[in-house]
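1. Predicted model, plus sequence, below.
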Amino acid sequence: MHSVHLEGNRVNALRFALSHTWVRVEANGWLTLGVTRLAVIQLGELVFIDLPEVGKELRRGEVGIVIESVRNVCDLLMPVSGSVVAANTAAADEPVLVGRDPQGSGWLIRMRARKPNELELLMDEDSYESLTRRAGQTGFARKARDTNER
């Protein structure tokens, strides 16, 4: 297993990808991945989640998870490369869990990093929110956080 150490990044801090996925480095070095609140808002009610099997090797940029909503089907591109060590079967069984807490208990998979340096390509929360604002998503990420904190 590769040890994950990032300059200026702390364990449990979320990092974000352009694919509207997030990654959190856990204390044991594993990576927890999920979909952002903004993505959940844009997708609407989630009805199906197809997660990869434990042991599957995923590469950055390839489709690793499929999420279906009442509006759309979304192929989630992996923000990092690694081996799946856990899948949140509760989220797959009840996609509404992801809708309620996408950046918490609605996590999707846990991985062992194959290329820890790929984490350096991801954005911190401020950069992600700034990017979504510039792209015309003003307030979505903030509104989602405010709603989930009530």
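-> Arrived safely, thanks for sending. Residues are numbered from 1 along each chain as shown.

2. contacting residues around the residue lying closest to residue 72 once chain neighbours are set aside?
-> Residue nearest to residue 72 in three dimensions, not counting chain neighbours: residue 43, with 6.0 Å by CB to CB, 6 or more residues apart in numbering. For every residue, glycine as well, the C-beta is placed using N, CA and C. Applying CB atoms under 8 Å, 6 or more residues apart in numbering, we find residue 43 in contact with 67, 69, 71-72, 74.

3. now the helices: where do they sit in the protein?
-> Along the chain, the stretches classed as helices by DSSP state H are 37-43, 89-93, 96-100, 125-134, 140-149.

4. for the chain, what helix or strand is lowest in average pLDDT?
-> helix 140-149 (a mean of 37; mean pLDDT, DSSP states H and E).

5. Return the per-residue confidence for the residue lying closest to residue 16 once chain neighbours are set aside.
-> Leaving aside its chain neighbours, residue 16 sits nearest to residue 128 (3.7 Å; criterion: CB to CB, 6+ apart). pLDDT recorded at residue 128 is 91.

6. one step back: in CSV, list the helices of the chain along with distance to residue 28.
-> Converted to CSV, the helices of the chain look like this (distance: least, CB to CB, whole Å):
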stretch, distance to residue 28
helix 37-43, 25
helix 89-93, 20
helix 96-100, 23
helix 125-134, 22
helix 140-149, 26
